[in-house]
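Enquirer: Fold the stuff below for me.
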Amino acid sequence: MRKRVWGVRGSVPTPGPETMRYGGNTSCVQVTLDDGTEVVLDAGTGIRPLGLALPAPDRPLHILTVASRTAEGLQRRAADFAQVLLNGSDLSEGDICFSAKTAQRSLPHRLSSTGASLERRGRLLGNCR
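Expert: Sure, this is the predicted structure:
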């Protein structure tokens, strides 16, 4: 596993002209797991340079978003999605992600997932605590 913190120099935020209006830079933590999976934590303004540094995906990027009013509800919804993804579906990855987002409103408890496969997403969502 490797980690990198974007938007900082050592442990000090590095503001620049592009962030002065908003009060400076804030950190963004990138974790690369041993299998190559990229996880982004605490996505402050440092996410912009991270995004610029990442290679363009070789396929469309589908983001699965799950939201709920409560933390417990989010865990239940994540478990429901995990069950569908792990049991297989005749829907495409894009259709599942689009449908999940279409039914949502802005709710306080959220998570999102990108993944190499629907099965991998299912395993990640099944471990959501």
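
Enquirer: buried set for stretch 87-100?
Expert: By 16 or more other CB atoms under 10 Å, the buried positions in stretch 87-100 come out as 93, 96-97, 100. The C-beta positions use only the backbone N, C-alpha and C, and glycine is treated the same way.

Enquirer: what separates that stretch from the chain centre, distance-wise?
Expert: Here stretch 87-100 is found 17 Å from its chain centre; the criterion is CA atoms, centre = their mean, to the nearest Å.

Enquirer: With only the CA atoms kept, save that stretch in PDB.
Expert: Output in PDB follows, covering the C-alpha atoms of stretch 87-100 (Å, rounded to 0.1, in the frame of the first residue of the first chain):
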ATOM      1  CA  ASN A  87     -25.400 -12.000  -7.200                       C
ATOM      2  CA  GLY A  88     -25.000 -10.700 -10.700                       C
ATOM      3  CA  SER A  89     -27.300  -8.600 -12.700                       C
ATOM      4  CA  ASP A  90     -28.300  -8.400 -16.300                       C
ATOM      5  CA  LEU A  91     -27.900  -4.600 -16.100                       C
ATOM      6  CA  SER A  92     -24.700  -2.900 -17.300                       C
ATOM      7  CA  GLU A  93     -22.400  -1.000 -14.900                       C
ATOM      8  CA  GLY A  94     -23.500   2.300 -16.400                       C
ATOM      9  CA  ASP A  95     -27.200   1.500 -16.100                       C
ATOM     10  CA  ILE A  96     -26.800   0.500 -12.400                       C
ATOM     11  CA  CYS A  97     -24.800   3.700 -11.600                       C
ATOM     12  CA  PHE A  98     -27.200   5.900 -13.500                       C
ATOM     13  CA  SER A  99     -30.300   4.400 -11.900                       C
ATOM     14  CA  ALA A 100     -28.800   4.700  -8.400                       C
END
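
Enquirer: Run through who's touching that stretch.
Expert: Outside stretch 87-100, the residues within contact range by CB atoms under 8 Å, 6 or more residues apart in numbering are 60, 62-66, 81, 84-85, 118.

Enquirer: element containing R120?
Expert: helix 118-126 (DSSP states H and E).
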